[in-house]
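Novice: Quick check, what structure comes out for this input:
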Amino acid sequence: MQKRRIGETEVSAIGLGGMPMSIQGRPDRARSIETIHAALDAGVTFIDTADAYSLDDSDFGHNEELIAEALKGRSEEVFVATKGGHTREAGGGWARDGRPEYLRQAVDGSLRRLGVEQIFLYQFHRPDPNVPITESVGVLGELLDSGKIRYAGVSNFNPEEIVQANEVLGGRLSSVQNQFSPSFRSSEPELELCDKLGIAFLPWSPFGGISKAGSLSGPFKEVGDARGVSAHQVCLAWMLAKSEVVIPIPGASRPASITDSAAATHLELTAEELSRLDG
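Specialist: Residues are numbered from 1 along each chain as shown. The predicted structure follows:
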């Protein structure tokens with residue numbers, strides 16, 4: 001499988017997004033673990049999670065615990081990224097908490113649930129309108145200095161916020177995780193900025209979200225049919241061709257899904273095909 005870099009570390013060019021295995025409609029635990037093992041068997045060495053990937057506040061941290069269980073005996077094969085700054089409410093609602101004191105507590109919880117002494121990549125999940133970005137991101141700098149995290153990233157940041165975060169971290173920002181898909185291309189400026197700065201860009205919901213993942217159509221399906229591969233593989237190959245900093249993290253809840261996604265790293269699209277997909 002192709003490799004890409006987060007910081008100075010090589011990871012697989014396609015990652016596994018853990019969210020679908022922990023939110024509403026999630027599969028049973030056995031199938032989720034089979035899905036994670038299938039990802040490793042397909043050459044995936046990067047898994048993305050978050051403490052807030054759960055049904056609600058009652059099982060907060062579900063996805064981190066699931067991944068830790070699945071990686072027992074195989075943890076040396078994979079790098080796990082997690083996020084903090086989102087909270088869950090009773091009934092499944094989402095809220096934000098970017099206070100430094102909360103993030104310090106959150107990272108300790110993630111360390112405990114993942115069963116590690118250092119988190120590979122820790123990302124601030126989403127800006128909190130009630131807390132200055134400098135304060136929230138400043139905590140990431142503290143965590144880097146203390147060794148609790150190896151790399152720091154941000155999620156759902158615009159270009160100005162990305163620049164600000166990198167300045168707060170003294171040039172140590174290693175990733176940006178934003179929504180990007182054929183149906184959601186408004187993060188192109190963030191992708192271009194990451195390419196310029198050499199920061200990994202991690203598109204979440206690369207197929208358009210759980211409700212739309214099975215409906216990739218138009219040129220993506222047409223190119224896929226002509227190549228004898230899925231539209232999903234074409235979508236991921238299109239993203240990979242945009243920049244060497246792009247590492248898509250498609251979510252999966254079935255072994256077949258992540259196996260198919262991982263195969264996208266072997267699909268090289270022509271200039272004509274890329275032009276059609278960009279149109």
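Novice: ok, for residue 158, nearest residue in space, not its chain neighbours?
Specialist: residue 190 (6.8 Å; CB to CB, 6 or more residues apart in numbering). All C-beta spots, glycine's among them, are computed from the backbone N, C-alpha and C.
Novice: for that neighbour, what are its contacts?
Specialist: Residues in contact with residue 190 (CB atoms under 8 Å, 6 or more residues apart in numbering) are 157, 158, 159, 162, 176, 178, 201.
Novice: What of residue 27?
Specialist: Counted by CB under 8 Å, 6+ apart, residue 27 has contacts 21, 35, 253, 254.
Novice: re the thing from before, mind listing what's buried along the strand or helix carrying the residue nearest to residue 158?
Specialist: With secondary structure defined by DSSP states H and E, residue 190 is part of helix 188-197. Residues 190, 191, 193, 194 are the ones in helix 188-197 that count as buried (16 or more other CB atoms under 10 Å).
Novice: for stretch 109-122, same thing?
Specialist: Per 16+ other CB under 10 Å, stretch 109-122 contains these buried residues: 110, 111, 113, 114, 116, 119, 120, 121, 122.
Novice: what's the answer for stretch 63-74, then?
Specialist: Here stretch 63-74 shows 63, 64, 65, 66, 67, 68, 70, 71 as buried, counting by 16+ other CB under 10 Å.
Novice: And the average pLDDT for it is what?
Specialist: Taken as a whole, stretch 63-74 carries a mean pLDDT of 97.
Novice: Give me the residues contacting it.
Specialist: Under CB under 8 Å, 6+ apart, the answer for stretch 63-74 is 18-19, 21-22, 29, 32-33, 36-37, 40, 47, 49-51, 53-54, 77-78, 80, 82, 110, 113-115.
Novice: let's see it at 6 Å
Specialist: Stretch 63-74 has contacts (CB atoms under 6 Å, 6 or more residues apart in numbering) with 18, 22, 32-33, 36, 40, 47, 49, 51, 53, 110, 113-115.
Novice: which residues does residue 262 contact?
Specialist: 14, 42, 43, 44.
Novice: Rebuild those residues as JSON lines, extending it with neighbour count, pLDDT and secondary structure.
Specialist: Formatted as JSON lines, the contacts of residue 262 follow (neighbours: other CB atoms under 10 Å; pLDDT from 0 to 100; DSSP: H, G, I helix; E, B strand; the rest coil):
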{"residue": "14", "neighbour count": "30", "pLDDT": "98", "secondary structure": "coil"}
{"residue": "42", "neighbour count": "19", "pLDDT": "98", "secondary structure": "coil"}
{"residue": "43", "neighbour count": "17", "pLDDT": "98", "secondary structure": "coil"}
{"residue": "44", "neighbour count": "26", "pLDDT": "98", "secondary structure": "coil"}
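Novice: Out of these, which comes closest to residue 210?
Specialist: residue 14 (17.8 Å; CB to CB).
Novice: Could I get the contacting residues of that closest one?
Specialist: By CB under 6 Å, 6+ apart, the neighbours of residue 14 are 248, 261, 262, 265.
Novice: how near is it to residue 244?
Specialist: 14 Å (CB to CB, to the nearest Å).
Novice: Around residue 6, count how many other residues there are.
Specialist: 23 (other CB atoms under 10 Å).
Novice: where does the closest residue to it other than its chain neighbours fall, phi/psi-wise?
Specialist: In this structure, residue 6 finds its nearest non-sequential neighbour in residue 200, 4.6 Å apart by CB to CB, 6+ apart. Backbone torsions for residue 200, taken as degrees, to the nearest 10, come to phi -60, psi 130.
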